[in-house]
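Engineer: The sequence isn't on hand, but the structure is:
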């Protein structure tokens, strides 16, 4: 059953936990109230209320929580997210997957809210996973993330809850993960790592982990990571392997 690996914290690339994290944009007045006859740089135009982000990614293997959902084959993953300055956001994410009853598409619809409180950035969302043309395996999940930057180091965590939903989720699902990223000084590289634990109707105490490198190159984000799992009952789709990715995002404010 396709849903066996699918209590997602929505993210593209090698571990699809690319849940969109939205933070409120502030409108800044770029004018100086004092009268001054010296020349000044032109003031920035006020930002609009909405940010639209359109992304395209390609991965050598679509891994979700360590499990290959593309049968260890390459996948193309477009996305779109609309964020209001208040922090509310809606979006969609897609990928080709292993054919299931003749269907080979996953579509995720996402609605949530993100904000920053003190030094910590939070996001909560509800995600609906849809498999067009296939009956009985669509499901939804509640996901929360939090992260904090310590200079060049970012530490984050994810919690996901999947209610019981028929054959797609025959048992309540829980997923916990911690992830980190460290910018390597004097290089364009960032080292990344993650570790997660999953319990649901398909796995008991399943572990997944990854270590990798990412970089920005000519407007693109490129990455390579080793992704592996444990406690998957010998599932060959969880066998460790290197996963490569490339992506680009286009942003519009209005």
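Structural biologist: Thanks, I have the structure now. The structure presented is a predicted model; accordingly, all values stated were derived computationally and were not measured.
Engineer: can you pull the buried residues of stretch 241-254?
Structural biologist: Using 16 or more other Cβ atoms under 10 Å as the test for burial, stretch 241-254 gives 243, 244, 245, 247. Any C-beta I mention is one placed from the backbone N, CA and C, and that applies to glycine too.
Engineer: Span of stretch 190-210 from start to end?
Structural biologist: 14 Å (Cα to Cα, to the nearest Å).
Engineer: ok now it, how far from the chain's centre?
Structural biologist: Distance, stretch centre to chain centre, for stretch 190-210: 15 Å (Cα atoms, centre = their mean, to the nearest Å).
Engineer: and if you look at stretch 89-109?
Structural biologist: The answer for stretch 89-109 is 14 Å, by Cα atoms, centre = their mean.
Engineer: Give me the mean pLDDT for it.
Structural biologist: Average pLDDT, stretch 89-109: 91.
Engineer: Pull out the buried residues from that stretch.
Structural biologist: Quick answer for stretch 89-109 (16+ other Cβ under 10 Å): 89-91, 93-98, 100, 104, 106, 108-109.
Engineer: Where is the longest strand in the chain?
Structural biologist: Counting residues, the longest strand found in the chain (DSSP state E) is strand 103-117.
Engineer: Can you get me a residue count around residue 142?
Structural biologist: Using other Cβ atoms under 10 Å, residue 142 has 14 neighbouring residues.
Engineer: got any ranges where the protein has weak pLDDT?
Structural biologist: 1-45, 102 (pLDDT under 70).
Engineer: just the helices in it please.
Structural biologist: Using DSSP state H, the chain contains no helices.
Engineer: and the closest residue to residue 230 other than its chain neighbours, what does it touch?
Structural biologist: In this structure, residue 230 finds its nearest non-sequential neighbour in residue 207, 4.1 Å apart by Cβ to Cβ, 6 or more residues apart in numbering. Counting by Cβ atoms under 8 Å, 6 or more residues apart in numbering, residue 207 makes contact with 66, 195, 196, 197, 198, 229, 230, 231.
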